[in-house]
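Novice: For reference, the sequence and a predicted model appear below.
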Amino acid sequence: MQPVMKISKSRKRKRRSHHALRPIHYVRCPQCSKAKLPHCACDNCGYVNPKLSLQMETEQA
């Protein structure tokens, strides 16, 4: 069964205008200057805020 009315390209694209992917927002770690997600611990040094820092384990080969 076919649709009753054809949906134009512009109408379809206007509806899908909010479906675009948004880029991931990164901030610099104030301690080591590596990129990290905001409000999360740094993967490189474990820095969270001035009062709190997580202990990072070093990898041994």
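Specialist: Ah, there it is.

Novice: quick one, strands of this structure?
Specialist: 27-28, 35-36, 47-49, 52-53 (DSSP state E).

Novice: Comparing those, which comes out most buried?
Specialist: The highest average neighbour count among the strands of the chain, using mean count of other Cβ atoms under 10 Å, belongs to strand 35-36 at a mean of 16. For every residue, glycine as well, the C-beta is placed using N, CA and C.

Novice: mind checking how far that strand is from the chain centre?
Specialist: 11 Å (Cα atoms, centre = their mean, to the nearest Å).

Novice: which stretches of the chain have low pLDDT?
Specialist: 59-61 (pLDDT under 70).

Novice: Try it again at 80.
Specialist: Low-confidence segments of the chain, defined by pLDDT under 80: 1-3, 50-61.

Novice: what about the helices in the protein?
Specialist: Along the chain, counting by DSSP state H, helices occupy 9-15.

Novice: How much space separates the most centrally placed residue in it from residue 15?
Specialist: Centroid check for the chain by Cα atoms, centre = their mean gives residue 24 as the closest residue, at 2.9 Å. Using Cβ to Cβ, to the nearest Å, we find residue 24 at a distance of 25 Å from residue 15.

Novice: what does residue 21 give?
Specialist: 17 Å.

Novice: Which one of the two is surrounded by more residues?
Specialist: The neighbour count for residue 21 versus residue 15, taken as other Cβ atoms under 10 Å, is higher for residue 15 (10 against 5).

Novice: What distance do you get for the more buried one to residue 7?
Specialist: Taking Cβ to Cβ, one finds residue 15 at 8 Å from residue 7.

Novice: do the same with residue 33
Specialist: Residue 33 is 49 Å from residue 7, by Cβ to Cβ.
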